[in-house]
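In: Let's see this in three dimensions:
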Amino acid sequence: MRKLVYVATNPVKDGLVEKAHQWPGVNGLAALLGGRTLHATRPRHFFRSTGPMPAAVTLNLVLPRELGEPPPLLAELRERVAAAESAAAAERMRTGRRVLGRRAILRLSWRDGPASRAPRRNLRPRFAARNLWVRLEALQRYREFLAAYREARARWIDGDPIPFPLGTYWLRRFAYVPLQAN
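Out: Presented below is the predicted three-dimensional model:
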């Protein structure tokens, strides 16, 4: 639920729009809450017309059954998004900041970039978890994957067809390396 609220309210927290539904880009929240299908067409300026990307795609957003019945979950999502919007509004009132607004966002060019530079060499977390032990376990599994991958790659370069660990996507897809069994 926290991740859904984060994604839905990111433009609000960043001062781009006042409410999540005002975001002019793809709005997964509106599609999820309204039970609508998202449709997207391939932009001409990013992809070749004869390339492998489809001309259009559709996406149906649904909540996993494991989370429970959708109506109470969607009600909770609405409440949490409204609370995040209220918190962002209170913060703007406190600091005097204003939102950019839907019209100004639509006037921006996709070619534009920020005028300032982002700081480099800062923390880039790979795993997010509230529970420290869950995060440490994920980091340990990742270290084990990297060690197995490095060993398999070194042996593969030497001509030994050792299976790579699961999660090796690029080499499996394009170099046809063998993968370990589950």
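
In: Please parse this protein into its domains.
Out: 2-107, 132-175 (automatic domain parsing).

In: need the ones you listed in CSV with distance to P114, can you?
Out: Heads up, the C-betas are built off the backbone N, CA and C, glycines and all. Formatted as CSV, these follow (distance: least, C-beta to C-beta, whole Å):
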stretch, distance to P114
domain 2-107, 12
domain 132-175, 30
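
In: can you tell me which of those domains comes nearest to R120?
Out: domain 2-107 (20.5 Å; C-beta to C-beta).

In: Quick one: end-to-end distance for that closest one.
Out: Using C-alpha to C-alpha, to the nearest Å, the end-to-end distance of domain 2-107 comes out at 31 Å.

In: chain center to that domain: distance?
Out: Offset of domain 2-107 from its chain centre (C-alpha atoms, centre = their mean, to the nearest Å): 11 Å.

In: ditto for stretch 165-175
Out: 22 Å.

In: List the buried residues for it?
Out: T168, L171 (16 or more other C-beta atoms under 10 Å).

In: Rounded mean pLDDT for it, please.
Out: Stretch 165-175 comes out with an average pLDDT of 87.

In: Buried residues in stretch 89-98, which are they?
Out: So, applying 16+ other C-beta under 10 Å, stretch 89-98 has no buried residues.

In: contact partners of that stretch?
Out: G15, E18, V99 (C-beta atoms under 8 Å, 6 or more residues apart in numbering).

In: Residue ranges in this structure under the pLDDT threshold?
Out: Applying pLDDT under 70 to the chain flags residues 122-124.

In: As a check, name the ranges of all strands in it.
Out: 37-41, 56-60 (DSSP state E).

In: What are the contacting residues of the last one?
Out: Among residues not part of strand 56-60, those counted as contacts by C-beta under 8 Å, 6+ apart are A31, T37, L38, H39, A40, T41, R42.

In: From those residues, pick the one nearest A82.
Out: Using C-beta to C-beta, A31 is the member of the contacts of strand 56-60 that lies nearest A82, at 17.8 Å.

In: I'd like to know how far that closest one sits from R150.
Out: 41 Å (C-beta to C-beta, to the nearest Å).

In: again with S86
Out: S86 sits 49 Å away from R150 when distances are taken as C-beta to C-beta.
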